[in-house]
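Chemist: got a sequence here, can you build the structure:
(3 chains)
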Amino acid sequence: MILFEFEHENATSAEEAVTRLHEIETETRFLAGGTDLIPNMRIGIAKPAHLVGLGRILREPMTVDGEGWLKVDALTRLAEIEHSDLVTSAAPLLAASAHTVAGNQIRQRATLGGNLCQETRCLYLNQKHDFQFVEPCYKRGGDCCYPFPKNKKEVCWSVYMSDIAPALMAAGAEVTVLGAGGPVRMSIDHLFSGDGLRPLTLNLGEMIRYVHVPPMGKDSAWGYHKSTVRGGLEFGMAVMALTFRLDADRESCKDARIAIGAVNEGPVRLSKTEAAMQGQRLNKKSLTELAEMASAEVNPLPHHGFSKPHLRDNIRVYLRRAMEAALARAQQA
Amino acid sequence: MSDLKFIGQNMRRKDGPDKVSGKAVYSQDVKLPGMLVGRVLRSPHPHARILRIDTAKARALPGVKAIITHADTIGVRHGFVETPRYPADQDVLAKDKVAHVGEEIAAVAAIDEITAQKALELIEVEYEILPAVFDAEEAMQPGAPEIRAKHPKVLENLANIAGKTETEWGDVEAGFAEADYVREDRFENQLRTHGYLEPQVTLAHWESDKLNVWTSSMGTFIKRAKLSRTLGLPYSQVRIHKTYVGGTFGGKIDLYSHEYCAARLSMLTGRPVRITANRDEIFSAYRHSQTLTIELKTGVRKDGTILAQRVRIINNAGAHRGSGVVVIFLAWGFIMGPYRIPNLKYEGYAVYTNHTTRAPQRGHGAPKVRFAIESQLDMIADHLGIDPVTIRLRNARGPWEELPNKDNTHEAGLLDCIKEVAAKSDYLNKWRHGRQQPDPTSTIRRGIGMGVTTYMSGTLIYPNGSGVIVKLNDDGSVIVLTGALDVGQGAETVITQIVAEELSIGMDDIKLIASDTDTTPQDIGAWISGMTYVTGNATRQAASNAREKILKVASQEMGVPVEYLGVENKSVFNVADSQQRMTYAQVFSASVAKHRGDTIVGEGFWRTMRDEPTHPSLATTKGRWTENYAFSAQVAEVEVDIETGEARLVKAYTLHDCGFPVNPGLIKGQVDGQVSMALGQAFMEEVMTKKGYTLNPTWLDYRMPLIHNMAASEDAEVITEQYRVGKPYRTKEVGEGLVSGVLAGIANAIYDATGVRMTSAPFTPEKILAGLRKLEREKAKELVSQ
Amino acid sequence: MLDSPEKTTSSVLRARPKPRLVTLSINGEPHEVVVRPHIMLLEVIRDHVGLTGTKDGCESGTCGACTVLLDGKPVLACITLAVECDGMNVQTIEGLSEGGQLSDLQEAFLDQAATQCGFCTPGVIMSSKALLDSNPKPTVPEIKKALEGNLCRCTGYNSIVDAILQYSGQGVKPLMRKDGAP
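Modeler: The predicted structure follows:
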C-alpha cells in the first residue's frame, strides 16, 4: 500500500514517454515493471507526483543481426529473457543472470531496463521510516549516514545490486539511451556513475531503450555466479560475471572482462586482474592466483550484514569456480 | 488398535477445502460497513521519558475520528505472566516513558490509511532521551541505566532483573569433585522472529454495548480475558470471534497493544475499527523470540555418566517481562528432562533491556537449551573417546522415572528413540567418516549429528482446562462446540477424528463450531502444546457422553442391554443380531419423545494434572510441570563446503515418542515444519539490531527458508500409548519440541564434518571459515613444534 | 538523491489525482472498478471485488501470498498498480474451484497435507498452476524455481513439492485419505 497519491498515465511509445517526462512539471518517473519503484514508493524513499507507464508500449521482438549482436527491447520482461532460446544461445550470460533475479513473480513483471535502473540498497534505507531511522539520510535528501556516520554529505555507500548489470558489463554490452535529443548508443560501462546517491548517469527524461549484446565467438568463454544465503529470491551478497577468449592453444587467455556486482555503488570491472589474465595460460593454479588477485582488487562495501573480509573470501572462491566453469565449457565446445 | 477407523489414520484436514479454495476467512478478511482504519504511533527512541503529547493538530485533521493515548485508558497493566511475584508491567499505551523502539504511544482511527498516516505525523510528542542499554549482561551490572526497578526478591546487587528462576538438587560441587572430566562452555543465540505469514490484524466493533473482536491469535479465551481486564469490561461484554489464523508459532499469544487500541477506538467512535500491522512494524516493534545465553558446566565419569551440571542462563527479555520469566523456568525443564542429572544447580535470569518485548516461540527456549547441552555432550564424548550414541544411551531417562519435581516419565520411549534413530540413519557408520576419509577431489564434507529433547504436553496455565460439547442433530449428524483454535496444526481435524471414532460417524457428518468465546466452551488455546491431549480428551469425553445417551435410549427402544449394543455408521445395532438396528436419527426422535425433550448433548471436560492446584513455581521450579513428557531423538546430516564455509542440511531423521499418533500425516507436517525452522535458525535467520533499532525488517533481509532450502525429512513414531474408544488417553506433544534436536544435530554434524565447534547460532559461513582457519593455524603450529 | 525536500513539499500541495475506471476480467467475470492510481491490484481484488482468497502477507512484494495470474502469468498483486492492469485477465484462487468443485491441483494439496495455516496456500497454488499450465511434468528443480518467491513457514515445503508431483503424475501417492463413513 502506497500512502500518498500520484498521477498516472500510459505512454503508447517510448518517444511519447520521453516527451511526456519533459512536459510534466511535477516530479515524474517512468514506470516499467514497477518491482523496484513500487516497493520504494511504499516505504516513501521515492515520492513521484506522476508516473508515466511504459507497459502499453509495444515490445519489439528480440533479434540477432548479421554480425551476431543480440538486440533486446529494454521493456522485455526478465522471464521472457531467461526462457528465450535466442538469448540462451546468443547471450548466455544475459540469460543466466536474468534467471537469478528475485523470484518468478518478480521476473514476470520486471523489465531488463528497469533492472538496470534499479535504486541502490542499504538496510537503513530499504524500510519504512515511520519510527526507525526517521531523520532522512543523505540518500533521502537529509543530513546523515546511518551505517557510516563519518561519511561526508556527497558520499553514500549504498550498494547497486542488479544481477544483470555485471553480466552485461562482462559481455561487453551496449545500451541505447533514448532522451529528448534522440537515441544515443554507448557502452554499458558508461551507464554507471559509481555514486551511491545517483548511481546512473541517465539524465531526467532519459530511458534505456535497447540493450545490445555482442556475439560470443567460438573461442569465447563465460562464467557467472550470484552468491546468496538461500539460493534464490534475495539480492546477491556478491555477483560475479566474466568472459574471455581462448587462444588457438585452447589454454591461453585473451580479452578477459570481469565485472563484480552487488558490493559497490555500481558494478565494477577488475582491470588489474583482467590485464593479468592477458596471455595467461589458464589452469587450476593460475586461476587460483587470479582469483586471489581479483579478491584483493575488489574493494567491497560491507553490506546487508556481510563483512568486507567475508565478501572478499566469497568472491575469491566463487570467481575462481566461475572461471573454472567458463574454461571447462569453452574447452569442451 | 486395528479396529480404529479414524484415529491413527491420515485423515485429510477438516479445514483443507476452505484453505485450498480461498474460502477460509482470516481476521484480515473480515470487513464491516463503516469500518475505520486504525494506526499506532510508535516510539522512535529506545528509551525516553515522554514529557508531552499533543494530539490537537491531528484531531483537527478532517477524517480523523478518534485518537487515544495512555490518558484514555483505565491504566490497567497486562503481562504474559500476571502473578503476585510477577505483576503485570506492560501498559497498553506508554505511560510517562518508552522503553523500546516502536513502543506504542497513541493510536488514531480515521476514514482511510492516508488520513490515519497523516494524523500520526501530526501528533507531537516531546521526549527526554534516557540512556539505553541493549546487552543483557551490561544491563545487569549495578549502575546500568534503569529500565524498570529490579525484582525486589532478587537480592543480588544486580540491575534490571525482571525475574529469576533458581533451583538445585544434590550437591553439584561434590559431583564435580567426583567427576573424571569437567568442562565449561558458553553458548549464544541470535534473535529470531516467528515469521507468521498473516500479519497481526484486529478488527473490533463496539455495538449495542458489546465488543466484537476478530483478531489473529493463538487462543480466543485468553484474548478475551486480557481485553476485558484492560478495557474494564465484564468478560460477557467481550466476544472474540473465530477466524482462521495465518500462522503464529508463539508470536500471537498474550495481548498486543493494537488489539486494545482497535477495541478502545471502536468504543469511542461506535464504528468498527481495523488495525493491521505492516510487516516492517512487526519486525521492528513487535515481539520476537528469546535470546538465551547459556553457561554450562558439566562433570562426568569416564564412561560418560553425567554427575553434575551447573547452568546459568541469561535471557535478554527486552522492555517488559513478556514471557521472559517463563522461558527461564522452562529452560530448566528442558535441561532436566532427557538425561539423569544427579546433582544440578540452575540459575536463570530474565533481564530488562531496551529491546522490544519478547514472546514465546515454537519450543520456547528448548532449541537453544538443547543446542547447548547436546553440543557439550558431544564435546565430552569426543574427549572421553565415546561415541555420541553410547553417551546418550548412558544418560537418557527410561520409563517410569520420577523426576526431581515429582513428575514421572511415564511410558518414556526415549531410549528406543535414540537406538532407532541411530539405526535408521546408520549413524555410527557415517559418524567421523567425512572428517577421517574426506574425498580429496571435493571441497564438500559430510557430517552427521544427533540431538535429544523432552517437551511438555500441556501444563497448568490459564484457563487450565478445556470443555467440549457434542450435539446430535435430528438427522443423526453431529455438531461439535470447542474453544480450540486451529492455527494450522490441525486442531479441527484431530477433534473431528476423535468424535468420528467415538460415535462411529463419518467426518463429513461432523461440523465444528470453534473458538468463539460466546458460543463455545472455554479452551486453553493453541499454545503450551496440550491441544490433542487436553482438548482431545475433553472431546473424547463429550463424544462418549453423547454415545452413552444414544445407547441408553437405543437400549430401551430395542429392548437390548447396552452391553450388547454396538455403533456403526450413524446407527446402533444389536451385536447378537446385526439386523436389529436404529439410526441415530431414530434415536434422536425417541430421546426427544421419551426423555423430556433431551436432544442428546454430550459434555466433556479435561484438565491436565487434575489434582494439582496450580502451575509450578516460576521462582523455584517446585510443583508439577506436566504429566506427559514427549521424547525425541533427531539426527541431522549436513554438507559443509570447506572452501566457502557454506553449510546446508541434507537430511533430518526424527524418531519421537508422541504417545499415540492420532493423525500421522498431520504429525509429519509438524515434523517437516520444525525441521525447516531448525535449519532456518541454524543457517540463515537473524533479526539484526543496532542500538535497539531493527536493521532488516523485511523478508528480503530476514532470511526465512525458501523452497530451495528444504531438506529431506524422515520421521517415525515410537508408539508408547494406546487409544481405546471410551478410555482416556495420553497423546504427547509434537508441535514444538522437534526444532531442538535438529538444531543441536546440525551443530554436532558441522563439527563431525569439519572439526569446527559452533558455540553461537546462526552457523554462518563466516563463523565456519573462521573455525577452519583456526584449525589450520593450530595444525601448522603443531607441525612447527614437532 | 531519491527525494529532495522541495519535491516533498510540492507533492503534499498538489491536487488529488482523479479516479479512473479500470476494467478487469476476474476469473472470467467482467468487473469495472473506479480507483485512484495509487491503488494496488490486491486492494481491488480483496476490497473492491471482495475476493479475499488472495492474501496480503507483506504488502511489499516479498512473500508471494498475493500471487495471482495476470494474463496467465504469476504476479504479485500487492506491488502491481490496478491502473496498469486495465483490460487484463486476472485469475485468483477462487477461479480454480468454480461451482464449488475443487480442481485436481487443489485436491492434490489436500492429499499431501500441503496446507497447514493456509495463509500462503492460495499464492502457492497460483504459482503452481502457472508452472503446470506451461510445464505439465515439471522436475523438482523446476518446481523450486517456480516457487522460490512463495514463503511458507508451516510445511517446510516438502508436502508442497509432493502435491505438485502427485498432480503431475510423477509417482507420488496421496498421503492423506478422504472421509469415508465406516
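
Chemist: next one, pLDDT for the residue positioned nearest the centre of chain C please.
Modeler: Most central in chain C under C-alpha atoms, centre = their mean is residue C:67, positioned 2.3 Å from the mean C-alpha point. With respect to pLDDT, residue C:67 has a value of 98.

Chemist: distance of the closest residue to chain C within the stretch 1-150 of chain A from residue B:54?
Modeler: Residue of the stretch 1-150 of chain A nearest chain C, by C-beta to the nearest C-beta: residue A:103 (2.2 Å). Placement of C-beta: from N, CA and C, glycine included. Taking C-beta to C-beta, to the nearest Å as the measure, residue A:103 falls 45 Å from residue B:54.

Chemist: who's more crowded, the two?
Modeler: residue A:103 (28 against 13; other C-beta atoms under 10 Å in any protein chain shown).

Chemist: what residues are up against the nearest residue to the more buried one once chain neighbours are set aside?
Modeler: Residue nearest to residue A:103 in three dimensions, not counting chain neighbours: residue C:149, with 2.2 Å by C-beta to C-beta, 6 or more residues apart in numbering or on different chains. Neighbouring residues of residue C:149 by C-beta atoms under 8 Å, 6 or more residues apart in numbering or on different chains: A:102, A:103, A:104, A:105, A:106, A:233, C:64, C:67, C:76, C:127.

Chemist: let's see that with 6 Å instead.
Modeler: The neighbours of residue C:149, taking C-beta atoms under 6 Å, 6 or more residues apart in numbering or on different chains as the test, are A:103, A:104, A:105, A:233, C:64.

Chemist: over to residue A:311?
Modeler: Going by C-beta under 6 Å, 6+ apart, residue A:311 touches A:238, A:263, A:300.

Chemist: so which residues on chain B come close to chain A?
Modeler: B:42, B:44, B:102, B:114, B:117, B:280, B:284, B:643-644, B:684, B:688, B:693, B:695-697, B:700, B:703, B:706, B:708-709, B:766 (C-beta under 6 Å from any C-beta of the partner chain).

Chemist: rerun that using 8 Å as the cut-off
Modeler: Selection of chain B residues close to chain A by C-beta under 8 Å from any C-beta of the partner chain yields B:41-44, B:101-102, B:113-114, B:117, B:120, B:278, B:280-281, B:284-285, B:643-645, B:683-684, B:686, B:688, B:693-698, B:700-701, B:703, B:705-706, B:708-709, B:765-766, B:769.

Chemist: nearest to residue B:440, of the contacts of residue C:149?
Modeler: For the contacts of residue C:149, the minimum distance to residue B:440 (C-beta to C-beta) is 34.5 Å, reached by residue A:233.

Chemist: that's a strand at that closest one, yeah?
Modeler: No: counting by DSSP: H, G, I helix; E, B strand; the rest coil, residue A:233 falls outside a strand, being coil.

Chemist: hmm, back to that, what about the contacts of residue A:311, which one has the most neighbours?
Modeler: Comparing the contacts of residue A:311 on neighbour count, residue A:263 comes out first with 29 neighbours (neighbours: other C-beta under 10 Å).

Chemist: next, the closest residue to it other than its chain neighbours: phi, psi?
Modeler: Computed as C-beta to C-beta, 6+ apart, the closest residue to residue A:263 that is not its neighbour in sequence is residue A:300, at 3.6 Å. Here is the backbone geometry of residue A:300 (degrees, to the nearest 10): phi -70, psi 140.

Chemist: tell me which residues touch residue A:300, please.
Modeler: Residues in contact with residue A:300 (C-beta under 8 Å, 6+ apart) are A:238, A:260, A:263, A:264, A:308, A:311, A:312, A:315.

Chemist: same thing with residue B:188?
Modeler: Residues in contact with residue B:188 (C-beta under 8 Å, 6+ apart) are B:291, B:293, B:294, B:759, B:760, B:761.
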